[in-house]
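Chemist: Provide a 3D model corresponding to the input given below.
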Amino acid sequence: MVKLLPETGTAIITDDNLFNLYGEYFPEFPVLKIKPGEESKQLKVIESLAKKLMKLGIDRSGFILGVGGGVVCDITGFLASVYMRGIRFGYVSTSLLSQVDASTGGKNGVNLGVIKNVIGSFRQPEFVICDTTMLRTLPEDEYLSGLAELIKTGIIGDKSIIETLENNYSGILKRDRDLLSLLVAKAVKYKASVVSKDEKESGPRRVLNFGHTFGHAIELYKAVSHGFAVASGMKLAAIYSYKKGLLDRIECDRIINLLEKYKLNNDFYIPDKKIQELIFHDKKKSGKDIYFVFIKGIGKPVVKKIPLEEVVDFYIKFNMEK
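Modeler: Numbers count the residues shown, from 1 in each chain. Model (predicted):
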């Protein structure tokens, strides 16, 4: 990794947990630490980090290395995209969620109040290092949260990911390095192929939002981790697809059963008025409509522009029928 970094003008951003675990192995550069968790994704944190970079003398030729999970990657990428109007950066991705999703694709953002990633930028890192050995130190919930995004990638893109997850349950739970390296590589390859066609999400990239319309609402209202929220959102999206006649019952049950297998089949109730408010603030909306990702089968996503009210009505009816 050191060979990829400039000899001078480099700063490292990480969180307290990662520094305690791996700080002794960091290259000899200044380290800026943030608090772990979503609460650090705020503009005031970006401002504080920018001031520290100034004090360190980091200029337009500088480099920022983010070592951590999704939050650290988001903050590092966004800071690098705006500091001095843009400097170079790279990631050492340490969580499964980050390795299969957050560190790939060039999306960087912070939250505005409770609305996720509404302030951000598109800017690609110079490199991303994914070492699946580091996943062994992840807390169980964070590991399962990452599995949810891995399942998402399999549902919308590479169906061999789903087959591997179905057939290697014990190895996945034991965090077998070879299995995880294979799955992470497949997920990154698929996402990179989508992003390369549509970096700024004006068309094909929208499929990556499968499960996220309901998922983001659940994440905000219930304060659950991203992966668990998206897993619930995927279940709802699969059932929605079935109800609209796009997905057959067998495939719908296959998705729900896989989520159940990995302890991701949770229902999170949101009151009617609140779900409407949250859906109507979704950044994927377009006027009174929203781009919603349905599926016709494993590996067969389809994006449809539908009324926001229709999405809200489905959720309300789903809760009434339970």
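Chemist: which residues does K305 form a beta bridge with?
Modeler: Note on K305: beta-bridge partners by DSSP bridges are Y291.
Chemist: quick one: it and K288 touch, right?
Modeler: No: counting by CB atoms under 8 Å, K305 does not reach K288; the two are 10.4 Å apart. In this view, the C-beta of every residue, glycine as well, is placed from N, C-alpha and C.
Chemist: which outside residues touch the helix or strand of the chain with the lowest mean pLDDT?
Modeler: None of the helices or strands of the chain scores lower by mean pLDDT, DSSP states H and E than strand 285-286, at a mean of 80. Defining contact as CB atoms under 8 Å, 6 or more residues apart in numbering, one finds that strand 285-286 is touched by 279, 291, 305, 308.
Chemist: roughly how far apart are the closest residue to the last one other than its chain neighbours and K283?
Modeler: Counting by CB to CB, 6 or more residues apart in numbering, L308 lies nearest to I290, which is 5.3 Å off, once chain neighbours are set aside. Computed with CB to CB, to the nearest Å, the distance linking I290 and K283 is 10 Å.
Chemist: Likewise for G245?
Modeler: Where K283 is concerned, G245 sits at a distance of 28 Å (CB to CB).
Chemist: who's more crowded, the two?
Modeler: Higher neighbour count among G245 and K283: K283, with 14 against 8, using other CB atoms under 10 Å.
Chemist: give me the number of residues near the closest residue to D101 other than its chain neighbours?
Modeler: Excluding the flanking residues, the one nearest D101 by CB to CB, 6+ apart is E149, at 4.4 Å. Here the number of neighbours of E149 (other CB under 10 Å) works out to 26.
Chemist: just the one 4 residues further on next, same as before
Modeler: When counting by other CB under 10 Å, one arrives at 24 neighbours for T153.
Chemist: Over to K35?
Modeler: Count around K35 with other CB under 10 Å applied: 11.
Chemist: Please name the residues that touch it.
Modeler: Contacts of K35 (CB under 8 Å, 6+ apart): 15-16.
Chemist: Next one: it, what pLDDT does it get?
Modeler: The model reports K35 with a pLDDT of 96.
Chemist: How is I162 assigned, secondary-structure-wise?
Modeler: Here I162 is recorded as helix under DSSP: H, G, I helix; E, B strand; the rest coil.
Chemist: For it, which non-adjacent residue is spatially closest?
Modeler: G154 (3.9 Å).
Chemist: Could you list every helix and strand that whatever helix or strand that neighbour lives in packs against?
Modeler: Per DSSP states H and E: G154 is located in helix 140-156. Counting contacts by 3 or more CB pairs under 8 Å, 6 or more residues apart in numbering; DSSP states H and E, helix 140-156 packs against helix 96-97, helix 159-167, helix 177-195, helix 226-243, helix 249-261, strand 289-295.
Chemist: And the shortest one, how far out from the chain middle?
Modeler: Spelled out, it's helix 96-97. 8 Å (CA atoms, centre = their mean, to the nearest Å).
Chemist: Average pLDDT for whichever helix or strand comes after it, rounded please.
Modeler: Downstream of helix 96-97, the first helix or strand assigned by DSSP H and E is strand 107-112. Average pLDDT, strand 107-112: 88.
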